[in-house]
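A.B. asks: Structure for the following, please:
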Amino acid sequence: MHDQDIFDVTIIGGGPAGMYAAFYAGMREMKVKLIEGKHQLGGFLHTYSDKTIWDVGGLPPMKCAKLIDWLVQQAGTFEPTVVFNQSVDALTRLDNGVIALHTATGETHHTRSVIVAIGRGIAEVQKLELDSAHDFERSNLHYTVQNLNYFAGKNVLISGGGNTAVDWALELADVAHTVTVVHRQEAFRAMEHNVKQMKKKVKVLTPFQVERLYGNGERIDQVAICNKATGENIRLEVDEVIISHGYTSQTSNIARCGLVMNEGVISMNHLGETNISGVFTAGDCANREGKVRLIAGAFNDAIVAVNSAKIYVEPTADEMAYVSSHNELFREKNRDLKNG
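C.D. replies: Here you go, the predicted structure:
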């Protein structure tokens with residue numbers, strides 16, 4: 001093994017935390033590798049790529065797909081090595097202190113430090129638990145919204161009570177002919193302001209759940225819903241059905257390689273440190289007191305983890321990078337922007 005094969009930091013996971021960590025580690029002049037289990041960067045953001053994101057500091061409201069594009073572009077600023085379609089299953093430490101990351105494909109990656117940023121793991125949609133549901137998945141039963149215009153002028157039924165269901169209802173309110181939201185509980189698990197706006201714009205039926213799908217074998221044309229409190233049954237005429245019952249996540253094996261876990265997530269301290277020396281963490285896969293579970297919080301986690309990794313690899317280094325307005329690394333890049 002040659003020194004050029006050893007990276008200063010290897011980031012596991014290509015979601016918002018992992019991508020920003022790759023950028024910030026470049027600011028810290030670290031040799032960076034990013035390993036992503038799927039074929040593209042973006043992580044869980046791809047599950048709602050057509051939704052509008054409002055709460056990233058300093059950015060106007062934009063489609064999540066656009067935010068992904070910008071994050072990918074930023075992550076590549078300092079040209080990190082990016083590896084796709086590999087899942088890290090184990091880690092070992094060599095006699096010289098270098099960490100070896102072992103993947104399911106049999107490859108090994110060598111690094112001086114690690115940042116685990118696997119987010120929610122590999123997300124799998126929770127499908128509608130009706131025997132007939134599978135028959136309509138190729139027509140008008142949907143588990144995500146990729147193109148709002150597809151639903152223009154149609155009667156849309158949304159089943160679900162989380163932020164995603166509420167956001168889709170708001171997005172479709174001005175596009176579809178009608179939008180009806182059914183949720184099996186009275187209360188929604190979503191931002192209060194958005195729930196309030198949804199109830200003003202679309203028809204909301206609670207506590208109802210989807211009981212049966214009716215169709216001609218190719219498309220659903222009616223949905224039977226049942227009131228869980230009273231047993232009342234209602235049939236609704238529909239053109240499109242959207243199921244938003246959340247996701248299940250398969251956590252990467254790396255999260256179980258000796259890392260201390262608490263309620264399914266990695267325990268970290270205020271410096272992003274785990275119980276394993278040289279292994280740090282950031283984003284939704286980790287927790288600590290005062291943790292902020294927003295995209296903006298993932299960025300902060302990434303900065304803290306990178307700074308800790310830098311000190312671990314180079315104990316005499318500064319505690320943090322100079323801000324970009326005063327950082328010499330950006331002098332040439334600023335010149336390129338000006339000339340461009």
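A.B. asks: so what's the residue most central in space within the chain up against?
C.D. replies: By C-alpha atoms, centre = their mean, the mean C-alpha position of the chain lies nearest to Phe44, the distance being 2.5 Å. Phe44 sits next to Gly15, Gly119, Arg120, Ala123, Asp284 when contact means C-beta atoms under 8 Å, 6 or more residues apart in numbering. Yep, even glycine has a C-beta here, placed from its N, CA and C like the rest.
A.B. asks: Save these as TSV, and put in neighbour count and secondary structure too.
C.D. replies: Shown next, in TSV, are the contacts of Phe44 (neighbours: other C-beta atoms under 10 Å; DSSP: H, G, I helix; E, B strand; the rest coil):
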residue	neighbour count	secondary structure
Gly15	27	coil
Gly119	25	coil
Arg120	20	coil
Ala123	16	strand
Asp284	25	coil
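A.B. asks: Now tabulate those in TSV and tack on distance to Ala317.
C.D. replies: TSV is the format used below for these (distance: C-beta to C-beta, whole Å):
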residue	distance to Ala317
Gly15	26
Gly119	28
Arg120	32
Ala123	36
Asp284	28
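A.B. asks: three-state assignment of the residue nearest to the centre of the chain?
C.D. replies: Per DSSP: H, G, I helix; E, B strand; the rest coil, the local secondary structure of Phe44 is helix.
A.B. asks: I'd like the distance between it and Leu271.
C.D. replies: 25 Å (C-beta to C-beta, to the nearest Å).
A.B. asks: Tally up the residues packed near Val82, please.
C.D. replies: 18 (other C-beta atoms under 10 Å).
A.B. asks: ok, back up a step: flag whichever of the contacts of Phe44 scores worst on pLDDT.
C.D. replies: Note: of those, the lowest pLDDT belongs to Ala123, at 60.
A.B. asks: okay, and for the chain, where does confidence drop off?
C.D. replies: By pLDDT under 70, the low-scoring segments of the chain are 1-3, 121-124, 248-252, 326, 338, 340.
A.B. asks: Give me the helices and strands touching the longest helix anywhere in it, please.
C.D. replies: Across the chain, the longest stretch assigned as helix under DSSP state H is helix 295-313. On a contact count with 3 or more C-beta pairs under 8 Å, 6 or more residues apart in numbering; DSSP states H and E, helix 295-313 meets strand 9-12, helix 16-27, strand 114-116, strand 279-281.
A.B. asks: For the residue lying closest to Val116 once chain neighbours are set aside, list the residues it contacts.
C.D. replies: Closest residue to Val116 apart from its sequence neighbours, by C-beta to C-beta, 6 or more residues apart in numbering: Thr281 at 4.5 Å. Contacts for Thr281 (C-beta under 8 Å, 6+ apart) come out as Ile115, Val116, Ala117, Leu259, Ile266, Met268, Gly272, Thr274, Asp301, Ala305.
A.B. asks: Tell me how far Thr281 lies from Val260.
C.D. replies: Counting by C-beta to C-beta, the gap from Thr281 to Val260 is 11 Å.
A.B. asks: residues shared between the contacts of those two?
C.D. replies: Ile266, Thr274.
A.B. asks: Helices of the stretch 151-300 of the chain, residue ranges please.
C.D. replies: 163-173, 192-201, 295-313 (DSSP state H, counting those that start in this stretch).
A.B. asks: Repeat that for the stretch 1-150 of the chain.
C.D. replies: According to DSSP H, counting those that start in this stretch, the helices that the stretch 1-150 of the chain contains are 16-27, 64-75.
A.B. asks: buried set for the last one?
C.D. replies: The reference is to helix 64-75. Cys64, Ala65, Leu67, Ile68, Leu71, Val72, Ala75 (16 or more other C-beta atoms under 10 Å).
A.B. asks: and this structure, what are its domains?
C.D. replies: 3-123+248-339, 127-245 (automatic domain parsing).
A.B. asks: Report the contact partners of the residue nearest to Ala104 when sequence neighbours are not counted.
C.D. replies: Using C-beta to C-beta, 6+ apart and skipping residues adjacent in sequence, the residue nearest Ala104 is Ser87, 4.7 Å away. Listed by C-beta under 8 Å, 6+ apart, the contact set of Ser87 reads Gly37, Thr103, Ala104, Thr105, Ser252, Asn253, Ile254.
A.B. asks: do Asn269 as well
C.D. replies: Here Asn269 is in contact with Arg288 (C-beta under 8 Å, 6+ apart).
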